[in-house]
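Q: Pasted the sequence and its predicted model underneath.
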Amino acid sequence: MLSRTADNLFWLARYTERADFVARILDAAMRLASLPSSYSGERNEWESALASAGSMETFQGLYSATNEDTVRDFLAFSPANPSSIRNCLELARTNARAVRTALTTEMWEGINGAWLEFKRFDGRSMSREEFARFLEWVKSLSLMFEGSAHRTMLRNDAYWFTRLGLAMERADNTARIIDVKYHVLLPENERVGGSLDYFQWTTILREVSALTAYHWVYRDRIRPMRVADLLILNRQMPRSLASCYEVMVRHLDLTADAYGRRGPSQRLASATLGRLNDLAIEEIFAQGLHEFIEAFILDNNQLGTAVAEQYLT
């Protein structure tokens with residue numbers, strides 16, 4: 001496979017997954033914003049959405065106020081935000097068009113149709129209910145893309161690079177939303193373990209489609225350490241960091257076997273998965289959840305660089 005084809009497939013999957021993630025954090029912010037103002041002290045759910053997306057600095061250069069209208073516009077529709085839903089869908093379609101012969105008909109029609117339909121939405125005139133339906137539509141696109149890839153693609157290098165991009169983006173997104181919940185979302189005057197803390201963790205679980213899974217695994221009320229355990233170490237949970245790295249290691253190994261050569265990307269992915277397998281959640285909290293997540297995101301970025309240098313350039 002040509003490196004530019006692999007690059008297009010890798011980033012097609014990443015942008016599709018990123019659009020889904022941005023929709024999910026906007027949905028979470030809307031749920032938290034619906035709490036009565038007397039429920040807590042200082043409100044910062046819209047700042048948390050920007051922090052989750054890693055877009056605070058870009059936002060502050062474009063908008064003078066942080067509120068529902070400006071954050072919705074910036075994260076969903078702004079062409080000036082590289083990670084807005086708009087730009088993610090446009091870039092996904094651009095990458096898909098470049099490799100149409102490597103995609104199945106179902107995948108191309110899904111991505112192309114999504115971009116054409118997106119252009120019919122007018123974010124400025126949407127009510128909150130209409131915007132919520134729009135976010136559900138965006139999330140359904142990711143399910144469509146992943147499902148069509150799983151059901152229609154040959155299990156060859158095109159599929160492997162698609163799965164690799166999706167898993168790498170998902171790992172980054174899961175790490176960021178855990179970190180932001182712990183360090184941004186809960187007001188300083190609110191008790192950890194209190195009612196607001198419980199509601200926020202429940203919202204986060206719902207937004208990563210993990211609330212039912214949590215109750216199946218732990219059969220207990222929501223506890224922060226167990227939420228972190230589910231989303232970091234539990235390999236049965238598809239969005240957990242361990243599960244994402246299991247997917248990456250498997251498809252990087254398949255690529256290495258097919259091409260007859262291993263390299264830095266295989267070594268880095270295997271080392272990260274090994275560390276996750278050896279950890280207990282108590283160890284992560286003892287060293288500091290924020291510090292662990294910061295190191296993980298750095299390692300994940302280094303793996304992305306290694307994959308690019310080894311296969312995509």
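A: Thanks, I have it.
Q: Surely Val71 is in contact with Trp46?
A: Yes. Using C-beta atoms under 8 Å, Val71 is in contact with Trp46, at 4.4 Å. The way it works is simple: take the backbone N, C-alpha and C, and place the C-beta from them, glycine included.
Q: can you list residues touching both of these two?
A: Counting by C-beta atoms under 8 Å, 6 or more residues apart in numbering, the shared contacts of Val71 and Trp46 are Ala29.
Q: what residue ranges in the stretch 151-300 of the chain score low on pLDDT?
A: For the stretch 151-300 of the chain, the stretches with pLDDT under 70 are 181-198.
Q: go again using 90 as the cut-off
A: For the stretch 151-300 of the chain, the stretches with pLDDT under 90 are 176-211, 219-225, 227-228, 285, 287-290.
Q: What are the buried residues along stretch 203-211?
A: Applying a neighbour-count criterion of 16 or more other C-beta atoms under 10 Å, one finds Thr203, Ile204, Leu205, Arg206, Glu207, Val208, Ala210, Leu211 buried in stretch 203-211.
Q: Which pair in those residues has the greatest spatial separation?
A: For the buried residues of stretch 203-211, the farthest-apart pair by C-beta to C-beta is Thr203 and Ala210; their separation is 11.2 Å.
Q: Now that Tyr218 has come up, it's in contact with Ala228, right?
A: No. Using C-beta under 8 Å, Tyr218 is not in contact with Ala228, being 11.8 Å away.
Q: Which of these two has more residues huddled nearby?
A: Ala228 (22 against 15; other C-beta atoms under 10 Å).
Q: which stretch of helix or strand covers that one?
A: Secondary-structure assignment from DSSP states H and E places Ala228 in helix 224-232.
Q: likewise Leu9?
A: According to DSSP H and E, Leu9 maps onto helix 3-33.
Q: counting contacts, what elements does that helix pack onto?
A: Counting contacts by 3 or more C-beta pairs under 8 Å, 6 or more residues apart in numbering; DSSP states H and E, helix 3-33 is packed against helix 45-53, helix 68-72, helix 85-98, helix 128-152, helix 157-180, helix 195-207.
Q: Those: which one's closest to Ile293?
A: Proximity to Ile293 (C-beta to C-beta) singles out helix 157-180 among the helices and strands packed on helix 3-33, at 4.2 Å.
Q: List the buried residues of whatever helix or strand Thr212 lives in.
A: Thr212 belongs to helix 211-218 when assigned by DSSP H and E. For helix 211-218, the neighbour count (16+ other C-beta under 10 Å) marks Leu211, Ala213, Tyr214 as buried.
Q: Check stretch 275-290 too.
A: Leu276, Leu279, Ile281, Ile284, Leu289.
Q: Quick check: the third one touching Leu230?
A: No. No contact is recorded between Ile281 and Leu230 when judged using C-beta under 8 Å, the distance being 9.2 Å.
Q: who's in contact with Arg100?
A: Trp108.
Q: Would you check how far apart it and Leu233 are?
A: 39 Å (C-beta to C-beta, to the nearest Å).
Q: Quote the end-to-end distance of stretch 284-293.
A: End-to-end distance for stretch 284-293, by C-alpha to C-alpha, to the nearest Å: 9 Å.
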